[in-house]
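**Student:** okay, predicted coordinates and the sequence, questions at the end:
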Amino acid sequence: MTKPLHVQTTTAAPALRAHSPEVSAARARRWGAFYYAEQVLRVMKGYGWTIVMYGVGQPVAYLFAMGVGLATLVQANGAGVFGGVSYLTFIAPALLISSAVMTAANEFTFPVMDGFKWRRVYYGPHASPLTPEQIAGGQIIAVTVRFLLQSAIYFAVVALFGASPGAWGWVSILVATLAGLSFGLPLMAYAATIKEDKGQFAMVMRFIVMPLFLFSGTFFPLDTLPLAVRWIGWISPIWHGTELGRVFSYGYEESPLLTVAHVAFLLALAAAGWVLTRRQFAKRMAS
Amino acid sequence: MSSPAETGPPRYVITAENLTKSYGDVTAVDGISFRVPAGEAFGLLGPNGAGKSTTMKMIGGVSQRTSGSLSIMGLDPEQHGPEVRAHLGVVPQQDNLDEELRVRDNLLVYGRYFGLPMSYLRPKADELLEFAQLTDKAKSKVDALSGGMKRRLTIARSLINEPRILLLDEPTTGLDPQARHILWDRLFRLKEQGVTLILTTHYMDEAEQLCDRLIVVDKGRIMAEGSPASLIREYSTREVLELRFGSERNATIGAELEGIGERIETLPDRVLIYAHDGEAALEQVSVRGLRPVTSLVRRSSLEDVFLRLTGRSLVD
């Protein structure tokens, strides 16, 4: 058989070979979620500057307006309710947690819609060895990285303001990340069910995130609210996160049982959200 | 080459038996069976909604079948999804490139899904950009590319893991003729390298150009199976005489043409006379004193096969 001349004219270069499909599948089964996280983080890098500015700019603006401006008014009228710390110290953990939850409200809504519908970015990796559960997991890992980074910046600013006197204040970075996930994962499961964008995410922002932000003991202790609205705090990841944040940042005194309950609540919500998200991703992508 | 494969039994990379997919009451794929040997270019030809894409999704291990059996490289995609997908390259009907990443990064990121190391991916991405004639676009944003370029990038992306089976769902739909020819040329090269091509199309010329063998699909069922040439031989005549009498007369002229050629097909815009010798048929038409506005003698195509099998055109 004569050798075709037009094929393989460059023989000098070393042969470039991919590993076998068996190796690909084994690696994907093990690390798939991280492979997808890598992709999401690459995309995030494109707006990395925005993330950093959001991380720095928001706390500076809030801490200055609330902690310096509003504080003079508040403290003059009854510093006692804030457990003997400055108003700035009181609201700093709350703002850190709220910021993570608001980021969650963005990162676990529109990008999910983008993945399934707008630009269908999930369907590229879906054709690769990755599973729908790993795609969901990868996105969560990437957003978790963002939570950590953003909260660390936030915490650094808070510390610069001298508003985190306790030695364990840095733990609130982890608390904020957990709060972001406990609010974000159930929301992600919901976002994955949406076929048509009819402004549901704007509604979530207005009627869920905003009330939670305002009535979660953010700006004043929850027990100063009438019982009729206090329940909003009890079911709010922001309240549970904020109370935890206060324990770590200035040694806010509460029953250890309550501290455990905060952690348990946040973990339970995150876990439920994760289970529902996995299920919904698998269901929607297999149809 | 003197490999034993030439004399031994063919090795099937895909085997489908009674493959069925229903969505509620709608049966998109209705019990189709086929087998594809390694290295073949196998086509699914049919109109939109015939069930081609659904079949492709099941082969691609991303859609669960309702019943029947399916094996890709000896594996059931529902049991071994990641393993099956690791063997495949997939070009979906709708491009789903990451528009927020640059052209070359799209290839790198995709390769990572297969766990491929960067030391392999960087040179491989450059090689594929060359293959897709996109080297000078490596750093461009994806949304700056034309439709044809995006399609070529999607094909390049599907090759990052060096798949031996490539699934192409309507690879050239929406492209201009020049872009299509460039793409066909690339696919030919892959075929030369022994890659098994599975493609769906509703373009008969594409099926004729690329496919060794194809199944004609309509309403989720296989209407016919064979090589393009054998299908044309079996279901059509050698030549076709196309006559246009103007839209009002086309419908009524059928009776006056009776007896010319082997079969007459009346379409809204033209009348087709199937004959072994088209010129001779045209002569008979003029002998009967009929004066078409235009006339054309051509070879039979898969379009005619489809018309014969279903009574409808492929592209409406």
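**Tutor:** Thanks, I have it.
**Student:** where's stretch B:14-29 relative to the chain centroid, distance-wise?
**Tutor:** Mean C-alpha position of stretch B:14-29 versus that of the full chain (CA atoms, centre = their mean, to the nearest Å) differs by 19 Å.
**Student:** average pLDDT for it?
**Tutor:** For stretch B:14-29, the mean pLDDT works out to 95.
**Student:** cool, and stretch B:176-193?
**Tutor:** The pLDDT scores in stretch B:176-193 average 89.
**Student:** show residues contacting it.
**Tutor:** With CB atoms under 8 Å, 6 or more residues apart in numbering or on different chains as the test, stretch B:176-193 has contacts from A:4, A:7, B:39, B:41, B:131-133, B:146-148, B:151-152, B:155, B:159, B:166, B:168, B:171-172, B:175, B:197, B:199, B:206, B:209-210. Every C-beta, even on glycine, is put in place using the N, C-alpha and C of the backbone.
**Student:** can you check stretch A:101-115 too?
**Tutor:** With contact meaning CB under 8 Å, 6+ apart, stretch A:101-115 is reached by A:40, A:54, A:121-122, A:135, A:139, A:143, A:146-147, A:150, A:179-181, A:183-185, A:187-188, A:191-192, A:194, A:197, A:201, A:204-205, A:209, A:212-213, A:237-238, A:241.
**Student:** of those, keep whichever come out buried.
**Tutor:** Buried by 16 or more other CB atoms under 10 Å in any protein chain shown: A:40, A:54, A:121-122, A:135, A:139, A:143, A:146-147, A:150, A:179-181, A:183-185, A:187-188, A:191-192, A:201, A:204, A:209, A:212-213, A:237-238, A:241, out of the contacts of stretch A:101-115.
**Student:** just those residues that are near chain B?
**Tutor:** Counting by CB under 8 Å from any CB of the partner chain, residue A:121 from the buried ones among the contacts of stretch A:101-115 sit close to chain B.
**Student:** give me the subset of the buried ones among the contacts of stretch A:101-115 lying in strands.
**Tutor:** Per DSSP state E, strands hold no members of the buried ones among the contacts of stretch A:101-115.
**Student:** thinking again about what came up before, among the contacts of stretch B:176-193, which are in strands?
**Tutor:** Short answer: the contacts of stretch B:176-193 in strands (DSSP E) are B:41, B:166, B:168, B:197, B:199.
**Student:** what bridges to the third one?
**Tutor:** Beta-bridge partners recorded for residue B:168 (DSSP bridges): residue B:91, residue B:199.
**Student:** could you measure from it over to residue B:114?
**Tutor:** Applying CB to CB, to the nearest Å, one obtains 19 Å for the distance of residue B:168 from residue B:114.
**Student:** for the second one, same thing?
**Tutor:** The spacing between residue B:166 and residue B:114, counted by CB to CB, is 15 Å.
**Student:** look at those two and report which has more neighbours.
**Tutor:** The neighbour comparison of residue B:166 against residue B:114 (other CB atoms under 10 Å in any protein chain shown) goes to residue B:114, with 28 against 22.
**Student:** show me what contacts that one?
**Tutor:** Residues near residue B:114 by CB under 8 Å, 6+ apart: A:18, A:24, A:27-28, A:128-129, B:86, B:160-161.
**Student:** in chain A, which segments are predicted with low confidence?
**Tutor:** Along chain A, segments meeting pLDDT under 70 span A:1-14, A:78-80.
**Student:** what about whichever residue of chain B sits closest to chain A, neighbour count?
**Tutor:** Residue of chain B nearest chain A, by CB to the nearest CB: residue B:115 (2.8 Å). By the criterion of other CB under 10 Å, residue B:115 has 24 neighbours.
**Student:** that one sits in which helix or strand?
**Tutor:** Using DSSP states H and E, residue B:115 falls within no helix or strand.
**Student:** surely it touches residue A:24?
**Tutor:** Yes. Judged on CB atoms under 8 Å, residue B:115 makes contact with residue A:24 at a distance of 5.5 Å.
**Student:** next one: phi and psi at residue A:207?
**Tutor:** The phi and psi values for residue A:207, taken as degrees, to the nearest 10, are phi -100, psi -10.
**Student:** just the buried members of the contacts of stretch B:176-193?
**Tutor:** Of those, these count as buried by 16+ other CB under 10 Å: B:39, B:41, B:131-132, B:148, B:151-152, B:155, B:159, B:166, B:168, B:171-172, B:175, B:197, B:199, B:206, B:209-210.
**Student:** if we can go back for a sec, what is the nearest of the ones in strands among the contacts of stretch B:176-193 to residue A:226?
**Tutor:** Closest to residue A:226 out of the ones in strands among the contacts of stretch B:176-193 is residue B:168 (64.5 Å), distances taken as CB to CB.
**Student:** how near is that closest one to residue A:191?
**Tutor:** 32 Å.
**Student:** grab the longest helix from the chain for me.
**Tutor:** With no chain named, the answer covers chain A. Taking DSSP state H as the criterion, chain A has its longest helix at helix A:256-286.
**Student:** wrong one, chain B
**Tutor:** Per DSSP H, chain B has its longest helix at helix B:177-192.
**Student:** could you tell me the angle between that one and strand B:165-169?
**Tutor:** Per axes from the mean of the first three to the mean of the last three CA atoms, to 10 degrees, the angle that helix B:177-192 makes with strand B:165-169 is 160 degrees.
**Student:** export helix B:177-192 as PDB, just CAs?
**Tutor:** Output in PDB follows, covering the C-alpha atoms of helix B:177-192 (Å, rounded to 0.1, in the frame of the first residue of the first chain):
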ATOM      1  CA  PRO B 177     -21.600  27.700   2.000                       C
ATOM      2  CA  GLN B 178     -17.900  28.700   2.300                       C
ATOM      3  CA  ALA B 179     -17.900  28.000   6.000                       C
ATOM      4  CA  ARG B 180     -19.600  24.700   5.400                       C
ATOM      5  CA  HIS B 181     -16.900  23.600   2.900                       C
ATOM      6  CA  ILE B 182     -14.100  24.500   5.300                       C
ATOM      7  CA  LEU B 183     -15.800  22.500   8.000                       C
ATOM      8  CA  TRP B 184     -16.400  19.500   5.800                       C
ATOM      9  CA  ASP B 185     -12.700  19.500   4.800                       C
ATOM     10  CA  ARG B 186     -11.800  19.400   8.500                       C
ATOM     11  CA  LEU B 187     -14.200  16.500   9.100                       C
ATOM     12  CA  PHE B 188     -12.700  14.600   6.200                       C
ATOM     13  CA  ARG B 189      -9.300  14.900   7.700                       C
ATOM     14  CA  LEU B 190     -10.600  13.400  10.900                       C
ATOM     15  CA  LYS B 191     -12.100  10.600   9.000                       C
ATOM     16  CA  GLU B 192      -8.800   9.900   7.400                       C
END
